[in-house]
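**Student:** got a predicted structure plus its sequence, pasted below:
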Amino acid sequence: MSSVTLLDQALCRQLSQCAKSNPRRRQNLNLHTDLSAPSQRMLNALEPGTYVRPHRHSTPLKAETFIALQGRLALCLFDDGGELQQVVLLGPGTGVFGVDVPPGLWHSVICLESGTVFFESKDGPYRPIDDKDWPDWAPAEGAFETPDYLSALQRRMEHWLQGKD
């Protein structure tokens, strides 16, 4: 008989510690056992400063669901030209603990608090070759211009949350 995976504070702490020591400032734990599984479920631990490049899932069309378990993050939604269209603050105590992102919508997340962990679910299978569409208006992870892009995006996100956009 298989044992269950406990999704508890100890697991969140462990993932957060891994994220803190990871150069990418994030760590995920797949709950699905195979990349070809029809349901891809995972925990994601993020630390401030991680860069999640804006992307969308359009070929094939896939929706994504995020549920914040601890910490705070901002979901950023963009139009086709890269203009910020909406920011949703997620986290326990923020009023919104989760969001369902429809297929084909440009999005990214920004970690706002150390120890942030969220649950993610999307349709499978996972195939790296076509899982995400990358826009030409957002630099690749590790590119020279990425830190400047992330700083500018964080400023735009903060203005949005303050009602200035």
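**Tutor:** Nice, I can see it. Numbering: from 1, shown residues only.
**Student:** what about the residue nearest to the spatial centre of the chain, which helix or strand?
**Tutor:** The residue lying closest to the centre of the chain (Cα atoms, centre = their mean) is V109, at 4.5 Å. Using DSSP states H and E, V109 falls within strand 106-111.
**Student:** mind giving me the packing neighbours of the next helix or strand after that strand?
**Tutor:** Downstream of strand 106-111, the next assigned helix or strand under DSSP H and E is strand 116-123. Helices and strands touching strand 116-123, by 3 or more Cβ pairs under 8 Å, 6 or more residues apart in numbering; DSSP states H and E, are helix 9-21, strand 39-46, strand 64-70. Every C-beta, even on glycine, is put in place using the N, C-alpha and C of the backbone.
**Student:** can you point out the buried residues in stretch 129-139?
**Tutor:** 131, 135, 138-139 (16 or more other Cβ atoms under 10 Å).
**Student:** next one: stretch 109-124
**Tutor:** Those would be 109-112, 115-124, for stretch 109-124 by 16+ other Cβ under 10 Å.
**Student:** mind exporting it as PDB, just the C-alpha atoms?
**Tutor:** Taking Å, rounded to 0.1, in the frame of the first residue of the first chain, the C-alpha atoms of stretch 109-124 are listed here in PDB:
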ATOM      1  CA  VAL A 109       4.200  35.800 -10.000                       C
ATOM      2  CA  ILE A 110       6.300  38.000  -7.800                       C
ATOM      3  CA  CYS A 111       7.200  36.800  -4.300                       C
ATOM      4  CA  LEU A 112       6.500  39.400  -1.700                       C
ATOM      5  CA  GLU A 113       7.500  37.600   1.500                       C
ATOM      6  CA  SER A 114      10.100  35.100   2.500                       C
ATOM      7  CA  GLY A 115       8.700  31.600   3.100                       C
ATOM      8  CA  THR A 116       6.000  31.900   0.500                       C
ATOM      9  CA  VAL A 117       4.600  28.500  -0.600                       C
ATOM     10  CA  PHE A 118       1.700  27.900  -3.000                       C
ATOM     11  CA  PHE A 119       0.000  24.900  -4.500                       C
ATOM     12  CA  GLU A 120      -0.200  24.800  -8.300                       C
ATOM     13  CA  SER A 121      -2.300  22.500 -10.500                       C
ATOM     14  CA  LYS A 122      -2.500  22.400 -14.200                       C
ATOM     15  CA  ASP A 123      -3.400  19.900 -16.900                       C
ATOM     16  CA  GLY A 124      -0.700  17.500 -18.100                       C
END
